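1. model this:
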Amino acid sequence: MSAAPSPTAPRENGQIPATREDLERRVLEALWRSSVYRLLATALVLPTTESLQEVARIADRLAHGFPTQAQLLAALARAARSASAEDVASEYLRLCERAAPCPPREGSWGIQPISGRPALLADLAGFYAAFEMRLSDTMGDTEDHIAAELEFLSFLCLKEAYAFATQADAVAVVADAVQSFWRDHLARFAIPFAKSLQDATALDFYRVVAALLQWWARLECDRLQIAAEETASLASGNAAEAECFTCPFDTQARPKVT
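-> Okay, the predicted model is just below:
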């Protein structure tokens with residue numbers, strides 16, 4: 001696959017490409033973005049041997065598309081291949097579950113709507129339902145898990161690529177959804193979460209994931225012309241994590257697009 005088109009190009013407001021070359025560029029750009037979101041989503045759920053192998057495969061492929069981040073992506077592929085799934089899972093549970101130092105759920109950060117977490121979850125559910133995406137039953141009450149939100153954006157990027165080729169009137173709808181979802185959700189906590197992850201772990205796998213998430217969040221917010229939160233405090237008592245514990249024996253706990 002050829003190198004990714006410039007990921008720093010500003011959002012083009014859902015405009016229909018004027019030439020075939022421009023169309024191909026926009027489709028490829030959306031597909032590359034989908035892969036980055038997929039990589040991050042896969043890396044931020046309770047890991048299994050299979051999910052770590054998938055992370056390594058995606059990271060290897062993306063290293064050819066994003067030369068400026070090739071070293072970091074190659075480091076992630078190496079870390080995913082060399083790490084024990086049991087060790088990574090143990091570190092995930094320490095970092096991300098219960099009263100953890102790096103809660104991966106948006107509702108655990110003190111930046112949610114004044115009406116609280118129920119309104120936050122309802123808004124997320126509305127986004128997912130509008131594009132006919134549902135979470136796997138094994139995910140439980142995890143609409144605001146960062147992996148679910150990243151998986152949703154991966155799905156939207158695939159829809160954007162498809163819309164360019166077949167449904168011109170849907171291009172602006174999908175592009176607006178991506179921008180709105182970032183503004184209302186991920187831009188509020190992705191970078192603070194990534195910083196907390198990087199500070200709290202000595203495991204190479206999660207340190208590289210945290211660095212990649214910070215890079216990608218800033219890049220996408222620049223492209224979408226959104227101000228990203230660089231700092232955020234945790235919600236009092238980190239209650240969302242206590243409500244949403246993921247069973248360490250559940251190897252299927254990840255978003256599912258249907």
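
2. report the buried residues of stretch 165-174.
-> 171, 174 (16 or more other C-beta atoms under 10 Å). Yep, even glycine has a C-beta here, placed from its N, CA and C like the rest.

3. mean confidence (pLDDT) on that stretch, please.
-> Average pLDDT, stretch 165-174: 85.

4. endpoints of it, how far apart?
-> Using C-alpha to C-alpha, to the nearest Å, one end of stretch 165-174 lies 13 Å from the other.

5. with stretch 220-229 instead?
-> OK, stretch 220-229 end separation, C-alpha to C-alpha: 13 Å.

6. next one: stretch 135-153
-> 13 Å.

7. what does stretch 96-107 give?
-> End-to-end for stretch 96-107, by C-alpha to C-alpha: 13 Å.

8. run the chain-centre distance for it.
-> Chain-centre distance of stretch 96-107: 15 Å, with C-alpha atoms, centre = their mean, to the nearest Å.

9. now that stretch: buried residues?
-> 96-97, 100, 102-107.

10. next step: these restricted to helices.
-> Those of the buried residues of stretch 96-107 mapping onto helices are residue 96, per DSSP state H.

11. widest-spaced pair of the buried residues of stretch 96-107?
-> Maximum pairwise distance in the buried residues of stretch 96-107, criterion C-beta to C-beta, is 15.5 Å, between 97 and 106.

12. rewinding a little: which one of the buried residues of stretch 96-107 sits closest to residue 80?
-> Looking across the buried residues of stretch 96-107 and measuring by C-beta to C-beta, the closest to residue 80 is residue 96, at 17.1 Å.

13. related to what we said a few turns ago, save the buried residues of stretch 96-107 as CSV, and put in pLDDT and distance to residue 145 too.
-> Listed next are these as CSV, based on pLDDT from 0 to 100; distance: C-beta to C-beta, whole Å:
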residue, pLDDT, distance to residue 145
96, 93, 9
97, 87, 11
100, 85, 13
102, 94, 12
103, 93, 10
104, 94, 6
105, 93, 5
106, 92, 8
107, 90, 9
